[in-house]
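> sequence? don't have it. structure:
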């Protein structure tokens, strides 16, 4: 969600990427192929406001990505962070609830919080 909002709002010359800390064997998997209520709610909530995240692919965060980034916004639980992320001075932590396992309405609330946080960051 944050990636989509950032790239839509920031304009040319600035781009965001999205990575996970628990991707594992699902590296490269298309989001729409993950058949859970939670992922379907994420896709639906973003489509509702004009963003299609269904073709996005899962990507694991790497040291190289950290090194190449200007800023890293993290919403993952700290116990899932790799050491190179813990050691980076570029990290900004957003305490945003994970929508996984919540209702569609809660997913939409979280989506709106993420959008506001991206706007504040920019």
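Nice, thanks for sending it over. What you see is a predicted model, and the numbers here were worked out from it, not measured in a lab.
> going forward, measure contacts between C-alpha atoms and count neighbours the same way
Will do.
> Model confidence for residue 107, exactly?
Residue 107 is assigned a pLDDT of 97 by the prediction.
> Ok, the one 4 residues further on next?
At residue 111 the predicted local confidence, pLDDT, stands at 98.
> Also residue 24?
84.
> what's the longest helix along the chain in contact with?
What stands out as the longest helix in the chain, according to DSSP state H, is helix 104-121. For helix 104-121, the external contacting residues (C-alpha atoms under 8 Å, 6 or more residues apart in numbering) are 1-2, 5-6, 9, 41-42, 45-46, 96-99.
> quick one: the worst-scoring helix or strand of the chain on mean pLDDT to chain centroid distance?
Taking mean pLDDT, DSSP states H and E as the measure, the helix or strand of the chain with the lowest value is helix 83-86, at a mean of 91. Relative to its chain's centre, helix 83-86 lies at 18 Å (C-alpha atoms, centre = their mean, to the nearest Å).
> what's the answer for stretch 60-73, then?
That offset, for stretch 60-73, works out to 13 Å (C-alpha atoms, centre = their mean).
> quick one: buried residues of it?
Of the residues in stretch 60-73, those buried by neighbour count under the rule 16 or more other C-alpha atoms under 10 Å are 60, 61, 66, 72.
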